[in-house]
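>>> next come a sequence and a model predicted from it.
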Amino acid sequence: MRLTPESRRSQLIDVGAALFAAKPYDDVLMEEVAARAGISRALLYRHFSNKRDLFAAVHEHATAALLADVEDLGTGTLAEQIAVGLDAHFDYFEVNRNIVLAANRVLAQDPVVQRVITGGFAGLQRRLLDAAGTDGPLAAAAVLAWLEFVRVMCVEWLAHNAFDRVELRDLCVRALLGALEINPR
């Protein structure tokens, strides 16, 4: 079936997302992406010059969807809002373990993937500062450091299953509240 370039790109991102979620990065083959999309490899390569570019598009799309999912964190306390946001992220991370591990391990040094992570952090940083009702360079740096802390903790959780998500969520909430010196009550 002939699709517009935008529709074809969207289809390829969806197919790539399913494959990257199901398999480790190194096991995903561009030939399989093309076959699942019902197109030739040549057409696939017109949209994405290599697997890393396809992965970056999948990761960027997922990051945008995740940011949209946590746009409204409710009206509870800051601790409750943070917990809601973390739970949404953890739900995504569990379902897409291979994508998260690839972005943070296999492609951790890739500048395109890092740009996606940095962009996601910027959006989350602003939302958290607004929710906390605080601003300034120290608070902004604390939130950015906390986001990195959460990222590292999530990768450890996904890779080793040494602690459960409730422990992880509670630790992350306490860490941010402590960093911003906010009483959780």
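Received it, and whenever you're ready, just let me know what you need.

>>> what's the nearest residue to Arg151 if we skip its chain neighbours?
With sequence-adjacent residues excluded and distances taken as CB to CB, 6 or more residues apart in numbering, Arg151 is closest to Asn104, at 6.6 Å. For the C-beta atoms, the positions are set from N, CA and C on the backbone; glycine is no exception.

>>> repeat for Arg36
Closest to Arg36 by CB to CB, 6+ apart is Val15, at 4.9 Å.

>>> from Arg174, how far off is that neighbour?
Per CB to CB, to the nearest Å, Val15 is found 40 Å from Arg174.

>>> more crowded one of the two?
Neighbour count, other CB atoms under 10 Å: between Val15 and Arg174, Val15 has more, with 21 against 13.

>>> pretty sure Ala162 is one of the things Glu156 touches, is it not?
Yes - between Glu156 and Ala162 there is a contact under CB atoms under 8 Å: 7.1 Å.

>>> of the two, give the one with the bigger neighbour count.
Counted by other CB under 10 Å, Glu156 and Ala162 do not tie: Glu156 has more neighbours, with 13 against 8.

>>> mind giving me the packing neighbours of the helix or strand that one falls within?
Assigned by DSSP states H and E, Glu156 belongs to helix 137-160. Using 3 or more CB pairs under 8 Å, 6 or more residues apart in numbering; DSSP states H and E, the elements in contact with helix 137-160 are helix 78-95, helix 97-101, helix 111-132, helix 165-179.

>>> tabulate the ones you listed (CSV), appending mean pLDDT.
As requested, the helices and strands packed on helix 137-160 are exported to CSV (pLDDT from 0 to 100):
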stretch, mean pLDDT
helix 78-95, 93
helix 97-101, 95
helix 111-132, 92
helix 165-179, 96
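
>>> looking at the ones you listed, spot the one closest to Asp53.
Asp53 sits nearest to helix 111-132 of all the helices and strands packed on helix 137-160, at 7.3 Å, using CB to CB.

>>> quick one: contacts of the closest one?
52-53, 55-56, 59-60, 63, 66-67, 70-71, 73, 78, 81-82, 85, 103-104, 107-108, 135, 139-140, 143-144, 146-148, 151, 176, 180, 182 (CB atoms under 8 Å, 6 or more residues apart in numbering).

>>> chain center to it, what's the gap?
Offset of helix 111-132 from its chain centre (CA atoms, centre = their mean, to the nearest Å): 10 Å.

>>> and it with helix 137-160, angle?
Interaxial angle, helix 111-132 versus helix 137-160 (axes from the mean of the first three to the mean of the last three CA atoms, to 10 degrees): 120 degrees.

>>> list the buried ones in helix 111-132?
113, 116-117, 120-121, 123-125, 127-129, 132 (16 or more other CB atoms under 10 Å).
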